[in-house]
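Asks: Show me the folded form of this:
(chains A and B)
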Amino acid sequence: MTDDGLIDGLLRSVRFAQAIDRRTWQSVREVFPGPAFDLWIDGFERVAAKIGDAAAPFAFATGSVEVARLHGTDLALATADTATGIAKAAGPEAALRFLAVLPSVAAVLEENAALRIWLRTVEEAATLAPGAASLIIRASGFVLGRLSVLAFRAWAANGIRQSAGDAAKAALYFAVTDMATLKAFERDPDDVAFTDIEASLRAFLIALWKIRPVIRAASVRPGGRVMRRASFDGAIIRVPEIFAGYRGAAAAAHYHAVFAHIGAHLRYGRAKFPVASLRPVQLALVGLIEDARVEALAAEEYPGLRRLWSRFHVAEPGTALTAELLMMRLARALIDPAYVDDDPWISKARRMFRDARDQWEDPAISRRIGGLLGNDIGQMRIQFNARSHVIEPSYRDDNTGLWDFGDTPPEQAETAEMLLEAVRLNEQETLEGSERRERDDTSDISANRAGKLTALPEDAGIPIARRSEWDHVGGLMRHDWTTILEFKPKPAAAEAIDAILADHADVERRIARLVKAAKVSRPVRMRRQPQGDRLDLDAAIRAMIDHRAGLPPDTRLYETQEMRARDLSVLALLDISESTRDRVRDTTTTVIALERAAAALLAQAMADLGDPFALHAFCSNGREEVRYYRVKDFAEDNLAMVKARLAGLRGMLSTRLGAALRQAGAEIATQATHRKLVLVITDGEPADIDVADKRYLVEDARKAVQELARQGVDVFCVGLDGGGENYLPRIFGPRNYLMLNRVEALPEKLPMLYFRLTI
Amino acid sequence: MDLSNYLLTGQPYYHPVGNEVALFEAAYAARLPMMLKGPTGCGKTRFIEHMAWRLGKPLITVACHEDMTASDLVGRFLLDAEGTVWHDGPLTLAVRHGAVCYLDEIVEARQDTTVVIHPLTDDRRILPLEKKNELVRAHPDFQIVISYNPGYQSVIKDLKESTKQRFAALDFSYPEASIETEIVAHESGIAHEDAAVLVRIAGRTRNLKGHGLDEGASTRMLVQAGRLMSRSIPLREACEVAIVLPISDDPDMRRALTETIAACV
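Replies: The predicted model follows:
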């Protein structure tokens, strides 16, 4: 059949083909050769069916052709998935708009990777904020023309967070055309964001002054304005996610200058200054002198800091007399002894500051000198615009932490709230505390829980620990964020387990053989060694005989012992979330039934092998209810009871993997073995009812795995979800997971895997 | 046998930080087994060398390691042309001929190895050589000293209670800044002011213990940095090579250390 014939055939046969003209068909045929064409048709049909709008097929055809021309067929075919994904999450209108902007976005984004990120971003946006998806997609072309795709991603994420489902707010945010707002999200490959060097900065503060403040990174201030300067209040530091204008090493140095400066405030500052009746210019100048004072003291302790700060002071003497310029020059004059400036006001300030040298320890001098200088400025009739004033140089904080405003101004409210939060988190040690927190929570949730507790009193869990959680967006560890509740697994008839075990009798036998082989790892006597603890008498006698016979004796005369002891404990962690109740394709069993059988086989093997072994299970219902079941503890050896408890496990609720991993890590930490292994069996991506961001729990679980690795606990995962490749390597690392395509194979694979891992 | 090889010839430099010298002399007079505790590189080994020199006794040092067996300490049969012949191990040598036997980093050795010293550490002062069927009575000059770094490595590597309780202990830590400065200046031959900066840097890194570092920079590290400086390497580079790079593999921690060092100069 010729191409024309084929196209004619398709024109007739495909349901939506009428919407597309012949020329478009030809170009489709051109850019999707061979098998790609079949895939395209498949995608085309899905798009047409899912979106159900007459315009969709044509939009998809033109869009995908354009993408294929610029970025290759793979990405073009992927747009079908994105389009159907968007249609499913946010409705056909958003999906249609996506198809419409596709050609222009494909043209704007030059790299394949960038387009891929954009596709992912809009699809995620559709899931996270269905209402705003259409707006984000519409703005894509415009924003991507001005920002990199990563900045676009940050911009979209920020908008979704800020509008929080409020349609009016979202409409306002995503209708941007304002370059200044957009610029705040720009990130160059050379840019250094706070999160890139956060660990280093924290260590820097501890090293210099043993200060461990709460640090929050933000791009917008509570009022909605872009954050341009760092800020501190009490022990909380807020810092811009990125400082525009600094790149690479300079940006890193700038962040260190910021933190050294705030550290100096925290180290040498005292109580806050009352604002009282000071005028704005006086506030600014008192702040400036206080900055100079703490920096001077810090530079006496650490001379290198003066060098670090000085490089950001670039003001030069000049004729323009504005308050801002004068202040910049004054700031430089006070820190840089080599700086020459003949301005009488600056000279006077310098002299006053130097004369007060004996009293530098006392913050009152800042108030005194700053007040006097402010009066002078007033008499010099120099304008000072408090509204537009931004503290220079940029490494200095906005000095709000220096002032006691009396009644909290509205802008401070969030800071105060955060402080409160920090304090509350600190008193979380006791159980009482955690209960009080639960009451503090939003009433509907606790009412819900109360209802559940009264309904099922025998099913109540006991809180055993609070675990932290990693917020990848904020880049901070939320301490004591989740509550682990221990639930008693209800025993049930073990016949179900035995039945499955009987099905796998051959596996059981194979495992028994492996166990036998593995157990031979007792001390081994190594004979005829060149070195060793004892003489190998046989070898020695032979050597003597050789010697007497005049032959060269063998020098390998020693024997030694080598310990090949198995020194390993294992904790198997079963995911028993709702999704495990799904039936396995083409069978009558469910995922959880297979998990149970696999766990039972493993328990059997472990009992024979003698390695310390525990079997725990988890599911979750929001962060305050991470359920933890001890099916078998390390010390327990009643296999029948374990089977009964396994049989009683029911799939329910969600998968908060990170919290469960941290709990498992704490459990296995008590084992005194050399190696510790947590074996996770999960069937889906981490998710929970109170988390909308798909990546959040994935990143948290990844963090948890890293924490465990640092404590010397190995984590390995067996994934039962077909899509596991998307997140399992991210969480567990590329080598530490195994995807089971045939879930039915789990009972057989799990014990085998264990042997592979440990022998 | 002559242990003169094991006698120290020159006086090893040691700067006392408290009355540890007097304490050790008293302990030696009573032949008490001694345990020197403290973080790595704070001067435990130097101290024992110094004391052996002061007391005029030979010093036999054994660096303990995981694979060390009891025979490595006690001795073993070897072959020569005529048959088997017994070779005393370092411990037996010290016991027989009267030396101070110093077992460095004793926790590194396996626990079944360390128990061979038990009969030497109580009033029996004997060492049974079961393979040779001999009971060695300790020479009057013999003393056993071990070093022990608590909180080092894993919980599994801890001394048995029965071993611990046989020893009297001296606790070492990094000396206070003025003394440490003097030590660094003396050992590396750099100016006093430079040594003071090094000591200040070390203080900052010790702040990070438990916050990314397992241990701060030791006095030994400072001396090494100082030695590089005395070969006219600039301070910051010397610190990079002798302190930052060895102490951590974490790029964040290295950056923090580098910035901290820059702040101190």
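Asks: Which residue is it, in the stretch 201-350 of chain A, that comes closest to chain B?
Replies: Per C-beta to the nearest C-beta, A:Ala203 is where the stretch 201-350 of chain A lies closest to chain B, at 3.5 Å. Bear in mind the C-beta positions are built from the backbone N, C-alpha and C, glycine included.
Asks: Give me the phi and psi angles of that residue.
Replies: phi -60, psi -40 (degrees, to the nearest 10).
Asks: Okay, and the nearest residue to it once chain neighbours are set aside sits in which element?
Replies: Nearest in space to A:Ala203, with sequence neighbours left out and distances taken as C-beta to C-beta, 6 or more residues apart in numbering or on different chains, is B:Ala256 at 3.5 Å. Element membership of B:Ala256, judged by DSSP states H and E, is helix B:251-264.
Asks: In the stretch 401-550 of chain A, what residue comes closest to chain B?
Replies: Nearest to chain B, among the residues of the stretch 401-550 of chain A, is A:Asp533, at 4.8 Å (C-beta to the nearest C-beta).
Asks: Tell me where the model's unsure across the stretch 351-500 of chain A.
Replies: Scanning the stretch 351-500 of chain A for pLDDT under 70 picks out A:406-460.
Asks: where exactly do the strands run in it?
Replies: Taking DSSP state E, counting those that start in this stretch to define them, one finds strands in the stretch 351-500 of chain A at A:403-404, A:462-471, A:476-487.
Asks: can you put those in a markdown table and add distance to chain B and mean neighbour count?
Replies: Shown next, in a markdown table, are those (distance: least, C-beta to the nearest C-beta, whole Å; neighbours: other C-beta atoms under 10 Å in any protein chain shown):
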| stretch | distance to chain B | mean neighbour count |
| --- | --- | --- |
| strand A:403-404 | 28 | 14 |
| strand A:462-471 | 16 | 19 |
| strand A:476-487 | 14 | 18 |
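Asks: So for B:His118, which of those strands sits nearest?
Replies: In this view, the strands of the stretch 351-500 of chain A are compared for proximity to B:His118 by C-beta to C-beta, and strand A:462-471 is the closest at 41.4 Å.
Asks: which sections of the stretch 51-200 of chain A are below the confidence cut-off?
Replies: Where the stretch 51-200 of chain A drops to pLDDT under 70, the residues are A:176-181, A:183-191.
Asks: What is the neighbour count of the residue of it found nearest chain B?
Replies: Nearest to chain B in the stretch 51-200 of chain A, going by C-beta to the nearest C-beta, is A:Ala199, at a distance of 3.6 Å. A:Ala199 is flanked by 17 other residues according to other C-beta atoms under 10 Å in any protein chain shown.
Asks: one step back: in the helix holding B:Ala256, which residues are buried?
Replies: By neighbour count on 16 or more other C-beta atoms under 10 Å in any protein chain shown, the buried set for helix B:251-264 is B:252-264.
Asks: Quick one: name the residues of the stretch 151-300 of chain A near chain B.
Replies: With C-beta under 8 Å from any C-beta of the partner chain as the criterion, the stretch 151-300 of chain A meets chain B at residues A:197-204, A:206-208, A:210, A:212, A:252, A:256, A:260.
Asks: Of the residues you listed, select the buried ones using a ChimeraX command.
Replies: Filtering those down to the buried ones (16+ other C-beta under 10 Å) takes a single ChimeraX command:
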select /A:197,198,199,200,201,202,203,204,206,207,208,252,256,260
